[in-house]
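A.B. asks: Predicted model and sequence below, questions to follow.
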Amino acid sequence: MTSSFSKNIPKINTPVTADSKSFIEGISIDCVIFSFDKKNLEVLLVHHAIGESAGRWGVLGGNPELDESIDNAALRILYELTSLDNIYLEQLKAFTDPDRVKSERVITIGYYTLVNREDYNIKASVSVFEAKWFKINEVPDLIFDHNEILSYSLKQLQNRVRQAPIGFNLLPEKFTLLQLMHLYEEILGIEMDKSNFRRKILHMKLLVELDEKQKDVSHRAAKLYKFDPEIYKKLTEKGFNFEF
């Protein structure tokens, strides 16, 4: 299932690369990349190798060039740091605290997205020691105001998951209701009532009940479901109100 996380930035199949090194001074771009490993919501961080942030962790970031749009700059930065391409990004807002970077005045434009980590081969660039997935509750103290940017991104993700079926494509093609509930619990950071969740999600008519059950499990096998692609598309376009 293709993610419909963002509609305002086109999908770019060819990586955006940089030919010029004329960067816009005082403006940066920071990208928060979320994923779900079937148990935990995680965020991709990079361990910086150069500059004043060397030796510390942060979200993926860089500077736009003079001749590129902010959206294309965000895509290029992701590719240059980690080889991630073909990504949908959603713009958050500008972070403008004059003290966010101590050595100079820098305004940053934040982006975020949700990806299936199994679809990508992440390779750290020479400007970072390592690119690594962290569980949301195990994120270290990050550079500059990146903890604030991450927190804001998570709140935006929590708002969106109540309004559109984003992130559902991170589940297996066939899944149990419990697996789906765990995805919601991880994103929202809450514990849900199983019977209440089951009633609400089935009422949406979003799922197709299969004549199959789990295999090779030590507990009682649960019934499997899959998404109805037509209903998924409609709910993605018009949204819904899924309160818990």
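C.D. replies: Nice, I can see it. Residues are numbered from 1 along each chain as shown.
A.B. asks: strands paired with the strand ranked longest in the chain, and their directions?
C.D. replies: Of all the segments of type strand in the chain, defined by DSSP state E, the longest one is strand 27-36. The strands beside strand 27-36 in its sheet (DSSP bridges) come out as strand 41-48 (antiparallel), strand 60-62 (antiparallel), strand 107-114 (parallel).
A.B. asks: quick one: which of the ones you listed is nearest Gln163?
C.D. replies: Among these, strand 107-114 comes nearest to Gln163, with 14.0 Å by CB to CB. C-beta: built from backbone N, CA, C; applies to glycine.
A.B. asks: buried residues in the next helix or strand after that closest one?
C.D. replies: Downstream of strand 107-114, the first helix or strand assigned by DSSP states H and E is strand 128-135. Going by neighbour count (16 or more other CB atoms under 10 Å), the buried part of strand 128-135 is 128, 131, 134.
A.B. asks: who does the first one bridge with?
C.D. replies: Listed by DSSP bridges, the beta-bridge partners for Val128 are His48.
A.B. asks: can you pull the contacts of it?
C.D. replies: 46-49, 81 (CB atoms under 8 Å, 6 or more residues apart in numbering).
A.B. asks: Who are the packing partners of the helix or strand containing Ile77?
C.D. replies: Ile77 is part of helix 70-82, with elements assigned from DSSP H and E. The helices and strands touching helix 70-82, judged by 3 or more CB pairs under 8 Å, 6 or more residues apart in numbering; DSSP states H and E, are strand 27-36, strand 41-48, strand 60-62, strand 107-114, strand 128-135.
A.B. asks: Apply 6 Å and report the result again.
C.D. replies: strand 27-36, strand 60-62 (3 or more CB pairs under 6 Å, 6 or more residues apart in numbering; DSSP states H and E).
A.B. asks: my read: Ser125 touches Thr82, true?
C.D. replies: No. Applying CB atoms under 6 Å as the test, Ser125 and Thr82 come out as separate, 7.1 Å apart.
A.B. asks: who's more crowded, those two?
C.D. replies: Thr82 (22 against 14; other CB atoms under 10 Å).
A.B. asks: Just the pLDDT at the more buried one, thanks.
C.D. replies: Thr82 is assigned 85 on the pLDDT scale.
A.B. asks: wait, doesn't it sit right on Ala131?
C.D. replies: Yes. Contact between Thr82 and Ala131 holds when scored by CB under 6 Å: they sit 4.9 Å apart.
A.B. asks: Between the two, which contacts overlap?
C.D. replies: When contacts are counted by CB atoms under 6 Å, 6 or more residues apart in numbering, the set common to Thr82 and Ala131 consists of Ile122.
A.B. asks: what's the following helix or strand after whatever helix or strand Tyr184 lives in?
C.D. replies: Assessed by DSSP H and E, Tyr184 sits inside helix 177-188. Heading C-terminal from helix 177-188, the first helix or strand you meet, by DSSP H and E, is helix 194-203.
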